[in-house]
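1. quick one, what's the 3D model for this:
(chains A and B)
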Amino acid sequence: MGYTFASMDTSAADGVRFQPSSDQSLLVYFGHEITLQAHEQVRRLLRLLESEPIADVRNLHPAYCSLLVKFDALKLRHDELESIVRKYLDRLEEVNLPEPRQVEIPVCYGGEYGPDLSDVAAMHGMTSVQAIELHTSTSYLVYFLGFVPGFAYLGELPEALVTPRLAAPRRKVPAGSVGIAGSQTGVYPFATPGGWRLLGRTPIAMFRTDRKGFSLLSIGDRVRFVPISSERFTALESK
Amino acid sequence: MREIQVQAPGLLTTVQDLGREGFGPMGVSPSGAADAISLRIGNRLVGNAEGAAGLEMTLLGGTFAFPDGAILALTGSDFGATLDDAPLKLWTSAEARRGQILRLEPTRSGARCYLCVQGGIEVTPFLGSASTHLLSGLGGHEGRALRKGDVLKIGKANGTYRKWAVAAKALERVSPRKVLRVTPGPQSDWFPQTAQQVFYASTYRVAEESNRMGLRLEGAAVPEGSGGKMITEGVSIGAVQIPSGGLPIILFVEQQTTGGYAKIANVISADLSSLGQLRPRDGIRFEPVEWEAARSLLREQEELLASEGLITG
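-> Predicted coordinates for the structure are as follows:
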């Protein structure tokens, strides 16, 4: 093995892999595990690419440990883009990530709002109240927004709540539904099809066109769910 | 201000331009015309910038009245259009006089027909684009498909009318394909040789549940890849996902921005507009091409679309 200790720990580009995804997109992988370190690298690269955009790059799709870079295929080739991105990778350490924003999301659990709550509790041999306590016991990291506008992938779910998604997805999940799938949790911003198990619902809009930034949540935020009564739900909903 | 009155909306008619690019970090996909080539050419026929907003009709067209007249063009698939009962040719500009009525029927060819008007359709842009994103109810006309009684504003235009048509030779070159050319997907290597053979040798049928988000295919199941553990990642338009069960799904204009299925291939940029003309039950096949070929096919297509000879007087 020809590497030295110095080259192992100084370059952020170590362990980064580039993979053409289509003729107009390139995936940048920071390892192959969901880790906070890999995710932080994704955020650093995203921040750098947003503050100093590469000409002819048209879109960016961050995820757990990868960033998809979409580009104008008439202007750039994969290898050209890769060498430009490598220069950005060399500067990742100088990127300052902002302190995470803390966001509280009120949720009315169970009943018609959370049709899967009792099933999920039963699957783990606990009561619904215990499942709610677990879901509200921790703060979740917004890994990225994906699927539809404003849908935040939140993790990690407490181990005791980790549940596979529904075998058959629902055709329509109401907007505001709070679901879990695997070790993830999230809120459906719009009425869409969906296979996550629904524990409750929030009256807060996750995506609004009349709000600055549109989406309630952004990558890197920290989220806590706060249980509310159905009366409170109705009161907040009418605001 | 001129307007379009929707007397019948058709099956699924939306306001579309070339979409909104750059909002992936918010989970917002570009949306935009499913057959962008047809929209671009339609706009050129009426003297608009090629990204102006027009109407995208799906499988069954609508009926539209022009109380103050309009200069218009229909492109894409043949929906049997008439203007006050006189047949109206596709791929040519035409003038609707005050009060004339444009009627469209069920498609006689592909999935989508575009109506472009001089001045474009004027709606409040969302994130810089007029495109409707149906799933989230954003953009376009009130974030939804058109309904009977809707009134759409036509943007300001100089009103000069000249009869233009698309050159027959050019039209041939942009006609929709049923053999879709693809480059490898990011997880191609995960699929064994036998799976690749099934995928490239089979004819797939476009399923009824296909829409602007994605095209679901029916046919030979692609054996699952075992090359790795998939972690949700950003996905590209035209990505061919292989979910459990093995029936491919092609991500399209209103795509989810991230996905957790392995991708065996990706439709090349030059063939994306062809996807927009596929109807349920159409048969398609996939043909692998080299990266360099994908690039030159796109370059040739763009040169054709930008060429003087595309449109003739």
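2. which residues belonging to stretch A:44-52 are considered buried?
-> Residues of stretch A:44-52 classed as buried by neighbour count (16 or more other C-beta atoms under 10 Å in any protein chain shown): A:44-49. The way it works is simple: take the backbone N, C-alpha and C, and place the C-beta from them, glycine included.
3. hey, what's A:Arg224 bridged with?
-> A:Glu104 (DSSP bridges).
4. tell me how far it lies from A:Ile105.
-> Per C-beta to C-beta, to the nearest Å, A:Arg224 is found 7 Å from A:Ile105.
5. would you list the phi and psi of the closest residue to A:Leu117 other than its chain neighbours?
-> Once flanking residues are discounted, A:Leu117 sits nearest to A:Gly110: 4.4 Å by C-beta to C-beta, 6 or more residues apart in numbering or on different chains. With angles defined as degrees, to the nearest 10, A:Gly110 sits at phi 70, psi -170.
6. B:Val222 too?
-> According to degrees, to the nearest 10, B:Val222 has phi -90, psi 120.
7. which residues touch it?
-> B:191, B:195, B:198-199, B:242, B:246-248, B:264 (C-beta atoms under 8 Å, 6 or more residues apart in numbering or on different chains).
8. out of those residues, which are buried?
-> Buried residues within these, counting neighbours by 16+ other C-beta under 10 Å: B:191, B:195, B:198-199, B:242, B:247-248, B:264.
9. widest-spaced pair of the residues you listed?
-> B:Phe191 and B:Leu247 (14.1 Å; C-beta to C-beta).
10. okay if I get the buried residues of stretch A:44-52 as TSV plus pLDDT, secondary structure and distance to chain B?
-> What follows is these, written out as TSV (pLDDT from 0 to 100; DSSP: H, G, I helix; E, B strand; the rest coil; distance: C-beta to the nearest C-beta, whole Å):
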residue	pLDDT	secondary structure	distance to chain B
A:Arg44	98	helix	14
A:Leu45	98	helix	12
A:Leu46	98	helix	7
A:Arg47	97	helix	10
A:Leu48	98	helix	13
A:Leu49	98	helix	10
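11. any chance of the residues you listed in CSV, with distance to B:Glu56 too?
-> Formatted as CSV, the buried residues of stretch A:44-52 follow (distance: C-beta to C-beta, whole Å):
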residue, distance to B:Glu56
A:Arg44, 39
A:Leu45, 35
A:Leu46, 32
A:Arg47, 36
A:Leu48, 37
A:Leu49, 32
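12. hey, C-alpha coordinates of stretch A:47-64 in CSV?
-> Provided in CSV are the C-alpha atoms of stretch A:47-64 (Å, rounded to 0.1, in the frame of the first residue of the first chain):
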residue,chain,number,x,y,z
ARG,A,47,-23.0,24.8,0.6
LEU,A,48,-19.8,25.5,-1.3
LEU,A,49,-21.6,24.7,-4.6
GLU,A,50,-24.4,27.0,-3.7
SER,A,51,-22.2,29.9,-2.6
GLU,A,52,-19.8,29.5,-5.6
PRO,A,53,-21.9,27.9,-8.4
ILE,A,54,-20.1,26.1,-11.2
ALA,A,55,-21.0,27.5,-14.6
ASP,A,56,-23.4,25.1,-16.4
VAL,A,57,-24.4,23.1,-13.3
ARG,A,58,-28.2,23.2,-13.3
ASN,A,59,-29.3,21.4,-10.2
LEU,A,60,-28.2,19.7,-7.0
HIS,A,61,-29.8,16.7,-5.2
PRO,A,62,-28.3,16.0,-1.8
ALA,A,63,-29.1,12.8,0.1
TYR,A,64,-27.7,10.7,3.0
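13. after whichever strand or helix holds A:Ala181, heading C-terminal, what element do we hit next?
-> Using DSSP states H and E, the element containing A:Ala181 is strand A:177-181. Downstream of strand A:177-181, the first helix or strand assigned by DSSP H and E is strand A:184-187.
14. quick revisit: now the buried ones among the contacts of B:Val222 in a markdown table, with secondary structure, distance to chain A and pLDDT?
-> Listed next are those as a markdown table, based on DSSP: H, G, I helix; E, B strand; the rest coil; distance: C-beta to the nearest C-beta, whole Å; pLDDT from 0 to 100:
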| residue | secondary structure | distance to chain A | pLDDT |
| --- | --- | --- | --- |
| B:Phe191 | coil | 15 | 94 |
| B:Ala195 | helix | 19 | 96 |
| B:Val198 | helix | 22 | 97 |
| B:Phe199 | helix | 16 | 98 |
| B:Ile242 | strand | 15 | 94 |
| B:Leu247 | coil | 15 | 95 |
| B:Pro248 | coil | 15 | 96 |
| B:Ile264 | strand | 12 | 97 |
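15. re the thing from before, elements contacting the strand holding A:Ala181?
-> strand A:184-187, strand A:197-201 (3 or more C-beta pairs under 8 Å, 6 or more residues apart in numbering or on different chains; DSSP states H and E).
16. so what touches it?
-> A:105, A:107, A:113-114, A:116, A:120, A:135, A:157, A:161, A:163-165, A:173, A:185-188, A:194-202, A:225.
17. which of these count as buried?
-> Neighbour-count burial within the contacts of strand A:177-181 applies to A:105, A:107, A:113-114, A:116, A:120, A:135, A:157, A:161, A:163, A:173, A:185-188, A:194, A:196-202, A:225; the criterion is 16+ other C-beta under 10 Å.
18. those residues also near chain B: which ones?
-> Contacts with chain B within the buried ones among the contacts of strand A:177-181, as defined by C-beta under 8 Å from any C-beta of the partner chain: none are present.
19. helices of chain A, start to end?
-> In chain A, the helices defined using DSSP state H lie at A:5-10, A:36-51, A:78-89, A:117-123, A:128-135, A:230-237.
20. break chain A into its domains for me.
-> Listed by automatic domain parsing, the domain ranges of chain A are A:5-94, A:102-237.
21. and those, which one averages the lowest pLDDT?
-> Among the domains of chain A, domain A:5-94 has the lowest mean pLDDT, at a mean of 91.
22. enumerate the residues of the stretch 101-250 of chain B near chain A.
-> Checking the stretch 101-250 of chain B against chain A by C-beta under 8 Å from any C-beta, the hits are B:126-127, B:133, B:135-138, B:183-186, B:228-229, B:231-239.
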